[in-house]
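Enquirer: pasting the structure only:
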Ligand code: ADP
Ligand code: MG
């Protein structure tokens, strides 16, 4: 016997599908959601389900733990500054090998196994992520960390028009005389910029924490762009959360309706956030942080 909850949930999902059918959402896939086999299976199923419902999905993935493991194996050192990995040519080579190799193909094939249709590419394929060197305002040299200047949105749209989810590894290509150079992009930067350039309906960053927390570690459920800026200024937001919220707000400024920092430790977090809030555009409200203008 199906419960009344069932009817309520179907009603909510139907409202969300009605408002998102034919539109594009961009998901940054990273953190725990990527390292736990059960959570990652759930994620791939969610992407396949959204495709079935007529919602266009772009996946941009990270792979920090996998890169760290390989760097350790080959004896290359690396460190982080302001949430970004300082990237010597050796570090970029390992990151490219890991991200564009096993990590990328694991995700595209996982989505296909779940009944979806996905293709794995890197930002160097079809010039999807065209980069220049990211200059750090605090004065340290991050090496070959890319700032995404241009996105080949036409190529991504062509895949989406054909019912294919692009799974993008965040290694970018240099521009002009730097065409042969590979840039290591932070996956949050890549996801935010792709969402902004595609004018996606939503961008979601799956992470390993409940959302954006205040100094007392309480969840901040709704933030505007100016809230985010003050939280960075007063050091409430630090480390890996900085690129996430910075590029979430960048996407919102470029026309994305809402950006979500979502707890990827929750099974099926993607589906719950996208369909659980009905047609409000503000997500399920159950967890995570939503950033709007
Ligand atoms: P991801 O794999 O999602 O990119 P990161 O480690 O790069 O993970 O970024 C998420 C981390 O940012 C959190 O685990 C937390 O340690 C850190 N962080 C810093 N400031 C905050 C904040 N105000 N709220 C939540 N997390 C924060
Ligand atoms: Mg990160």
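Expert: Cool, got the structure. The model shown is predicted, which means the values in this text are computed figures rather than measured ones. Residues are numbered from 1 along each chain as shown. Ligands and ions are numbered 1, 2, ... in the order given.

Enquirer: Please count neighbours and contacts with C-alpha atoms only from this point.
Expert: Fine.

Enquirer: surely residue 275 meets residue 10?
Expert: No - applying C-alpha atoms under 8 Å as the test, residue 275 and residue 10 come out as separate, 9.2 Å apart.

Enquirer: The two: who's more crowded?
Expert: residue 275 (23 against 15; other C-alpha atoms under 10 Å).

Enquirer: On the three-state scheme, the residue nearest to residue 263 when sequence neighbours are not counted is what?
Expert: Counting by C-alpha to C-alpha, 6 or more residues apart in numbering, residue 263 lies nearest to residue 210, which is 4.7 Å off, once chain neighbours are set aside. Assigned by DSSP: H, G, I helix; E, B strand; the rest coil, the conformation of residue 210 is coil.

Enquirer: I figured residue 210 hits residue 266, correct?
Expert: No - if you go by C-alpha under 8 Å, residue 210 and residue 266 don't touch, sitting 9.1 Å apart.

Enquirer: can you tell me how far residue 53 sits from residue 19?
Expert: Using C-alpha to C-alpha, to the nearest Å, we find residue 53 at a distance of 11 Å from residue 19.

Enquirer: tell me what the helix or strand hosting residue 160 is packed against?
Expert: Here residue 160, judged by DSSP states H and E, is contained in helix 153-161. Using 3 or more C-alpha pairs under 8 Å, 6 or more residues apart in numbering; DSSP states H and E, the elements in contact with helix 153-161 are strand 165-174, helix 187-198.

Enquirer: swap the cut-off to 6 Å and go again
Expert: Applying 3 or more C-alpha pairs under 6 Å, 6 or more residues apart in numbering; DSSP states H and E, one finds that helix 153-161 contacts no other helix or strand.

Enquirer: Near ligand 1, which residues of the stretch 101-250 of the chain are found?
Expert: Residues of the stretch 101-250 of the chain lying near ligand 1 by C-alpha under 6 Å from any ligand atom: 207-209, 211-214, 236-241.

Enquirer: Show me which of those are buried.
Expert: 207, 208, 209, 211, 212, 213, 236, 237, 240, 241 (16 or more other C-alpha atoms under 10 Å).

Enquirer: Residue 27 and ligand 1: what is the separation?
Expert: Residue 27 sits 12 Å away from ligand 1, going by C-alpha to the nearest ligand atom, to the nearest Å.

Enquirer: Just the terminal-to-terminal distance for stretch 222-242.
Expert: With C-alpha to C-alpha as the measure, the first residue of stretch 222-242 is 17 Å from its last.

Enquirer: What separation is there between whichever residue of the stretch 1-150 of the chain sits closest to ligand 1 and residue 150?
Expert: For the stretch 1-150 of the chain and ligand 1, the shortest gap (C-alpha to the nearest ligand atom) falls at residue 31, measuring 3.6 Å. As judged by C-alpha to C-alpha, residue 31 and residue 150 stand 26 Å apart.

Enquirer: Who has more neighbours out of these two?
Expert: The neighbour comparison of residue 31 against residue 150 (other C-alpha under 10 Å) goes to residue 31, with 21 against 16.

Enquirer: my guess is the more buried one meets residue 205, correct?
Expert: No - judged on C-alpha atoms under 6 Å, residue 31 makes no contact with residue 205 at a distance of 9.8 Å.

Enquirer: Helices of the protein, residue ranges please.
Expert: Secondary structure of the chain (DSSP state H): helices at 4-20, 32-35, 37-52, 64-74, 89-98, 104-113, 153-161, 187-198, 225-233, 241-253, 269-275.

Enquirer: Packing partners of the third one?
Expert: Looking back up the chat, that one is helix 37-52. Counting contacts by 3+ C-alpha pairs under 6 Å, 6+ apart, helix 37-52 packs against helix 32-35.

Enquirer: neighbouring contacts of the helix it packs on?
Expert: 39, 40, 208, 264, 265 (C-alpha atoms under 6 Å, 6 or more residues apart in numbering).

Enquirer: Which one of these is nearest to residue 290?
Expert: Of all the contacts of helix 32-35, residue 290 sits closest to residue 264, with 14.5 Å by C-alpha to C-alpha.
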